[in-house]
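# Okay, sequence plus prediction incoming.
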Amino acid sequence: MRWSYNLERSQSAALWLFAVAALVLLMVLVGGATRVTGSGLSIVEWRPVTGAIPPLTEQGWLAEFAKYQQIPQYKYINQGMSLADFKAIYGWEWSHRLLGRLVGLVFAIPFAILLIRRRIPRRLIWRCWLILGLGGLQGLVGWWMVASGLADRVSVAPERLASHLGLALIIFIACIWTGLEAWFGRPRGPFDPIPRGRFAAGCLMGLVFVQSLLGALVAGSKAGTVNTDWPLMNGVFFPRDYMIPGEGLIHTLLHNQAAVQFNHRMAAYLIFILALGFMAGAIQSTRLSSAGKQLANVFAVTVFIQMILGVITVRAAAPISLSLLHQIGAVALLTVATAMTWRIARN
């Protein structure tokens, strides 16, 4: 098959990218389970190739357990843990890393095949190379995150957790957006009128992304277990311990439990208000497509559901089940925001 510069659509490329996005979503969810079960530090070495095989003998398990017993998390949190319990947390982290390897293979191998068969629209090839590069970087960021909890901490640094999640979500968004471009063909030309609502939709998508990072800070600092009343925080609107004397601004914004939870709450209120306003504007718009209006409605409803779920989660002091459900809701909201922004940008 000869290369054609006129190849505008490729359903095979789109399905491949959607499959990768689904695997990234699964990896994010498994990563969330790894975090809330305290399993992320159970594997204390980064072995991209040989680490794909878990211990196969009792001696191998004992050796891995001995390595884990040297880090602060075991000494101060899990002292006396049994080998069976260690195998359980090891399984979560190993599964998370295995999914990362699987995502890389599912991206790289079909990418090479589609390139050879010239089934990727030329305008999208550079995006695919970029996604591949971000995937490689994600492995490094993941280890950088884990390394923060091996020496002086009993858990990973919240800001590194947020960085790891943020990069995963960027890859997720890029796969969905590029897949939509491959499925539906070339977007509007550079000189076509800018669709009304594109900037506002893009800002909403950006706010949802930032809110997801704030959620990661809440999870990383275990801020969901404090100030569990609502709508107040420990009886007041603005928490008294938002700023602690001696703590700098950066430390407060990244590590202070009251501060990160307050910021997460305020961002949720802001997104909810803006989502309602955007939905109202979309309904009244005569220039927005019916698909764009429907997605604006779905976005507002999803924001409401996610906010209610967040309230329930914090009122229950963030149990594992609700924390995972809230994370699923965050990814669902980001998916809707991405589809809405893409649709409105094309209108």
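Great, that's in hand.

# From the contact counts, what lies against the longest helix along the chain?
The residue-count maximum for a helix in the chain (DSSP state H) belongs to helix 83-116. On a contact count with 3 or more CB pairs under 8 Å, 6 or more residues apart in numbering; DSSP states H and E, helix 83-116 meets helix 11-36, helix 58-68, helix 122-147. Glycine gets a C-beta too; all of them are placed from N, C-alpha and C.

# Kindly provide the whole-number mean pLDDT of the shortest one.
By that I understand helix 58-68. Average pLDDT, helix 58-68: 93.

# just the CA coordinates of the next helix or strand after that helix, formatted as PDB?
Moving toward the C-terminus from helix 58-68, the next helix or strand (DSSP states H and E) is helix 72-76. Extracted in PDB, the C-alpha atoms of helix 72-76 (Å, rounded to 0.1, in the frame of the first residue of the first chain):
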ATOM      1  CA  PRO A  72      10.600   3.300  57.100                       C
ATOM      2  CA  GLN A  73       7.100   2.200  56.100                       C
ATOM      3  CA  TYR A  74       7.700  -1.300  57.500                       C
ATOM      4  CA  LYS A  75       9.600  -0.100  60.600                       C
ATOM      5  CA  TYR A  76       7.000   2.500  61.700                       C
END
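
# Now helix 72-76: buried residues?
Of all the residues in helix 72-76, those buried under the rule 16 or more other CB atoms under 10 Å are 73-74.

# now swap in stretch 137-148 and tell me
Buried positions in stretch 137-148, judged by neighbour count with 16+ other CB under 10 Å: 138-139, 141-142, 145-146, 148.

# To residue 288, which of the helices and strands packed on helix 83-116 lies closest?
Residue 288 sits nearest to helix 11-36 of all the helices and strands packed on helix 83-116, at 24.2 Å, using CB to CB.

# ok now that closest one, how far from the chain's centre?
In terms of CA atoms, centre = their mean, to the nearest Å, the centre of helix 11-36 is found 10 Å from the chain centre.

# Mean confidence (pLDDT) on that helix, please.
In this model, helix 11-36 has a mean pLDDT of 93.

# just for this protein, where's the confidence low?
Scanning the chain for pLDDT under 70 picks out the ranges 1-6, 188-195, 347.

# do you know how far the nearest residue to residue 155 once chain neighbours are set aside is from residue 44?
Leaving aside its sequence neighbours, residue 155 sits nearest to residue 149 (CB to CB, 6 or more residues apart in numbering; 5.3 Å). Look at residue 149 and residue 44: by CB to CB, to the nearest Å, they are 9 Å apart.

# Would you mind giving both backbone torsions of residue 236?
Phi and psi for residue 236, reported as degrees, to the nearest 10, are phi -130, psi 160.

# Beta-bridge partners for it, please?
With beta bridges defined as DSSP bridges, residue 236 has these partners: residue 233.

# burial count for it?
10 (other CB atoms under 10 Å).

# Same check on the one 3 residues further on?
Residues lying near residue 239 (other CB under 10 Å) number 20.

# Surely it and residue 263 touch.
No - Residue 239 is beyond contact range of residue 263, at 10.6 Å (criterion: CB atoms under 8 Å).

# Quick check: the residue lying closest to residue 31 once chain neighbours are set aside vs residue 168, distance?
Take residue 31 and drop its neighbours on the chain: the residue closest to it by CB to CB, 6+ apart is residue 96, 5.3 Å away. Noted for residue 96: a distance of 11 Å to residue 168, by CB to CB.

# what's the answer for residue 111, then?
Applying CB to CB to residue 111 and residue 168 gives a distance of 18 Å.
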